[in-house]
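J.: show me the folded form of this:
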Amino acid sequence: MVLRMESPAPPIKLETWLCGQPLTSFQPGKVYIVEFWATWCEPCEAAIPRLVQLQDKYKDSGLEVLGVAAHERARTADEARTKLDAWLTEKFSNLNYRIGFDYTGEMNKLWMDPSFSVGIPTSFVVDRDGHIAFIGLPTQLDDVLPKILNGSWRSSDEAKAADTERIAEGERTTREMTHKRALTEPIFAKLTPAMKAGDWAKALSAVEEAVVVMPDDISFRVLHADLLLHKMHDLQTGLPVMRKLVRDAIDKKSEVWMAGAMRQLFDPANDNSHFPPAERLAMGKELSEHILALNPPQGGDGPKFVSYGAVAQYYYESGNKDRAIDLVELALNSLDGPEPIPDELRQHVMSLLVQALANYKGEKARYGALCATPQDRFTKVSKGGRRRRKHEKG
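T.: Numbers count the residues shown, from 1 in each chain. Coordinates of the predicted model:
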């Protein structure tokens, strides 16, 4: 049965409460925001201060906010609970609304799954009569909640159209995810143990199967090139695969695809000494030009850290050290942009970029509390590469 606007609200089945008094049922006459979130979800964290404001602003109108932590990533319930307690203490020690914890998956089965809600944060608003009034993003609450509180929302054409569109999109997304899961599960059953064992032939066989059925999956396309070029050193097969990846990335006008291709060509962690240097640099030049046109240094909508690290490496190896340094600094600055970045990803990217900056400058580099010194291996490889290019030029 589909959970949508006008459906009776499912029950609250939470045995553990982290903040506030337990809530066992919805009281008639009150409006509830039931917010599904997790500590690892940056948009969820960004939504919490606004929920605090809404709770404070509309408390006298009968609003109650309930946060449901039902998506924590941990091996056990105790580990998840400990992580949640520490996170809330550090970041939001004075919350003015309830937080409940569910590790069993029961709340997801009751609320998220039947409403075709496939991501978090997701907000459910329960109206004064105990029926669902809204399902969607917390960013939409500023506009929707006042209309729910004054009783005008559920009867409006806007609400009905929004709910119909949400259901259609949710059904479509669910079908696509189910189809993809059916395709990928048998592939990963072969690929994962092969990668762990370093059995590149078996891993390649699984990836080639994946590329046939999912040619537009960037992860499999990049792994295909990586296995051939960097694990098996099979240039005869790998070069055509790399060329097609570059061509498809450019044709799609996708920075994510182009960045994936660039990393195969210019990741300092890879040994590219066997790769034909002229073709490698030519590919890098073409990709870099397209990336910088799509996301220019001055302006552009996307964060620079997605692709600028690999573009900087291309410029450094091409002999333009100053350009490489500028691009790395732009990438570092973009980490503090308006779009939220998960802490773990931010730290990983930052460490790579600061190391690249030190390598390019040939001296200690610092960004915030993170610092790095030039790597001897990097310097030797880079000098060797420049000597080879000088020799080729004659």
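J.: burial of Val211, as a residue count?
T.: Neighbour count for Val211, taken as other Cβ atoms under 10 Å: 17. C-beta: built from backbone N, CA, C; applies to glycine.
J.: that one against Arg221, yeah?
T.: Yes - under the criterion of Cβ atoms under 8 Å, Val211 makes contact with Arg221 at 6.4 Å.
J.: how about the strands in the stretch 251-394 of the chain?
T.: With DSSP state E, counting those that start in this stretch, the ranges of strands along the stretch 251-394 of the chain come out as 365-367, 370-372.
J.: quick one: which of the ones you listed is nearest Glu45?
T.: With Cβ to Cβ as the criterion, Glu45 lies closest to strand 370-372 of the strands of the stretch 251-394 of the chain, at 21.7 Å.
J.: in the closest one, what's buried?
T.: Ala372 (16 or more other Cβ atoms under 10 Å).
J.: which secondary structure elements does it contact?
T.: helix 343-361, strand 365-367 (3 or more Cβ pairs under 8 Å, 6 or more residues apart in numbering; DSSP states H and E).
J.: what about the ones you listed, which gets the closest to Ala203?
T.: Judged by Cβ to Cβ, the one of the helices and strands packed on strand 370-372 that comes nearest to Ala203 is helix 343-361, at 23.4 Å.
J.: now do the closest one: distance to the chain's middle.
T.: 18 Å (Cα atoms, centre = their mean, to the nearest Å).
J.: likewise stretch 69-76?
T.: The answer for stretch 69-76 is 18 Å, by Cα atoms, centre = their mean.
J.: so for it, what gets flagged as buried?
T.: In stretch 69-76, counting by 16+ other Cβ under 10 Å, buried: Ala69, Ala70, His71, Glu72.
J.: ends of it, what's the gap?
T.: With Cα to Cα, to the nearest Å as the measure, stretch 69-76 spans 14 Å from end to end.
J.: now stretch 87-105
T.: Across stretch 87-105, the terminal residues are separated by 21 Å (Cα to Cα).
J.: who touches that stretch?
T.: 12-23, 39, 45, 48, 51-52, 55-56, 64-70, 72, 74, 77, 80-81, 84, 108 (Cβ atoms under 8 Å, 6 or more residues apart in numbering).
J.: same check on stretch 353-370?
T.: 268, 305, 309, 312-313, 316, 321, 324-325, 328-329, 331-332, 350-351, 371-375, 378-379, 382.
J.: can you rerun that using 6 Å?
T.: For stretch 353-370, contacts defined as Cβ atoms under 6 Å, 6 or more residues apart in numbering pick out 309, 316, 321, 324-325, 328, 331-332, 350, 372-375, 378.
J.: can you give me the helices in this protein?
T.: 42-58, 77-91, 106-107, 141-149, 157-197, 200-213, 218-226, 235-252, 255-266, 277-294, 308-317, 321-334, 343-361, 376-393 (DSSP state H).
J.: average model confidence for the third one?
T.: If I follow you right, that is helix 106-107. Helix 106-107 shows a mean pLDDT of 96.
J.: returning to what we had before: could the helices and strands packed on strand 370-372 be laid out in a markdown table, adding mean neighbour count, distance to Thr192 and mean pLDDT?
T.: Formatted as a markdown table, the helices and strands packed on strand 370-372 follow (neighbours: other Cβ atoms under 10 Å; distance: least, Cβ to Cβ, whole Å; pLDDT from 0 to 100):
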| stretch | mean neighbour count | distance to Thr192 | mean pLDDT |
| --- | --- | --- | --- |
| helix 343-361 | 18 | 21 | 90 |
| strand 365-367 | 17 | 35 | 91 |
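J.: can those go into TSV with extra columns for distance to Thr184?
T.: Formatted as TSV, those follow (distance: least, Cβ to Cβ, whole Å):
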stretch	distance to Thr184
helix 343-361	22
strand 365-367	37
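J.: circling back: report the two of the contacts of stretch 353-370 separated the most.
T.: Lys321 and Met350 (20.9 Å).
J.: that older thread, by mean pLDDT, show me the worst of the helices of the chain.
T.: If these are sorted by mean pLDDT, helix 376-393 sits at the bottom with a mean of 47.
J.: so how far is Val256 from Tyr316?
T.: Taking Cβ to Cβ, to the nearest Å as the measure, Tyr316 falls 22 Å from Val256.
J.: who has more neighbours, the two?
T.: Tyr316 (25 against 14).
J.: so the more buried one versus Asn94, what's the distance?
T.: When distance is defined by Cβ to Cβ, Tyr316 is 48 Å away from Asn94.
J.: then Ile148?
T.: 26 Å.
J.: okay, the two: which has more neighbours?
T.: Using other Cβ under 10 Å as the criterion, Ile148 and Asn94 rank with Ile148 on top: 23 against 6.
J.: ok, that one - contacts?
T.: With Cβ under 6 Å, 6+ apart, Ile148 has these contacts: Val125, Ala133.
J.: how about the one 5 residues further on?
T.: With contacts defined as Cβ under 6 Å, 6+ apart, Trp153 is in contact with Ala133, Lys147, Ala159.
J.: switch the cut-off to 10 Å
T.: Met5, Val125, Asp127, Ala133, Phe134, Asp143, Val144, Leu145, Pro146, Lys147, Ala159, Ala162 (Cβ atoms under 10 Å, 6 or more residues apart in numbering).
J.: are any of these buried, and if so which?
T.: Using 16+ other Cβ under 10 Å, the buried members of these are Met5, Val125, Asp127, Ala133, Phe134, Val144, Leu145, Lys147, Ala159, Ala162.
J.: what's Val213 in contact with, if anything?
T.: Lys180, Leu183, Thr184, Ile187, Phe220.
J.: same question but for Ser155, I mixed them up
T.: With contact taken as Cβ under 10 Å, 6+ apart, Ser155 is in contact with Lys147.
J.: roughly how far apart are it and Glu6?
T.: The value you get for Ser155 to Glu6, if Cβ to Cβ is used, is 10 Å.
J.: then Val212?
T.: Taking Cβ to Cβ as the measure, Val212 falls 45 Å from Glu6.
J.: ditto for Gly238
T.: Gly238 is 57 Å from Glu6, by Cβ to Cβ.
J.: more neighbours, these two?
T.: A count of neighbours by other Cβ under 10 Å puts Gly238 above the other of Gly238 and Glu6, at 22 against 13.
J.: that concludes my questions; thank you for your assistance.
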